[in-house]
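Participant: Predicted model, plus sequence, below.
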Amino acid sequence: MRHRGWELSGMSEIKPNKEFMNKGGRPRKLETVEDFRRGVYAYHAKCEAENDGEGVFPDFAGLRLYLKLSKADIKAMSEGDSEYAQGIRAVLDESQDMRESWLARKMTSDNKRAIGCLNALKQPENGGYIDKPVDTGEKTLTINVAGIKGGAKAFK
C-alpha cells in the first residue's frame, strides 16, 4: 500500500517509495512557463465545461488543487526577477483576469448571483474590487479667493 511516496508494508515497517522520491534537490512542479500556462488554461476549460455546460467558478484554490501546487509552491515559482518567475506572474495575472471576467459576466447576466459574484470580486485574487475609495490620508483643500477683499492677503 502506498501513501504520498511511502511504501506501507506493515504497521512496524515504513520505507520510502524510491520511484516517487526526488534524487536530490526539489525539482520545479512545472518545468516551463508554457507547462504552467497549459495547466491554468486546462483548469479554466474544465470549469467552463462543468455543470452541464453552464460552468463553475474557476477559483484560485481549485486551480492550486488541480495543478497539485501549494500556496508556498506558487509563491516560490513566482518570486524573483528570473524569466521563469516573470512568466509565472504573467500567467497568474491572466488567470486573475479570466476569473474577474467570469464573475463580472455572471453578475450582470444572472441577478440571483449578483451579490455573491460581487463579494467574490472583492477578493484580491479575483480582482480586488472596492466599495469605497481608498483613503490615502492625504487631504486637499482648495480655497477660491476671487471676490474676497484683499484676495489671498486676507488669509495671512
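Facilitator: It's in. Numbers count the residues shown, from 1 in each chain.
Participant: Only C-alpha atoms from now on, for both contacts and neighbour counts.
Facilitator: Fine.
Participant: any chance you could read off phi and psi for the closest residue to residue 128 other than its chain neighbours?
Facilitator: Nearest non-adjacent residue to residue 128, counting by CA to CA, 6 or more residues apart in numbering: residue 122, 4.5 Å away. Taking degrees, to the nearest 10, you get phi -80, psi -20 for the backbone angles of residue 122.
Participant: quick one: residue 122 and residue 104 touch, right?
Facilitator: No. Counting by CA atoms under 8 Å, residue 122 sits too far from residue 104 to count as a contact (11.4 Å).
Participant: how near is residue 87 to residue 126?
Facilitator: The gap separating residue 87 from residue 126 is 19 Å, by CA to CA, to the nearest Å.
Participant: Look at the two and report which has more neighbours.
Facilitator: Shown here are residue 87 and residue 126; by other CA atoms under 10 Å, residue 126 has more neighbours (24 against 19).
Participant: ok, now which ones touch that one?
Facilitator: 96-97, 99-100, 120 (CA atoms under 8 Å, 6 or more residues apart in numbering).
Participant: redo that, cut-off 7 Å
Facilitator: Contacts for residue 126 were tallied using CA atoms under 7 Å, 6 or more residues apart in numbering; they are 96, 99-100, 120.
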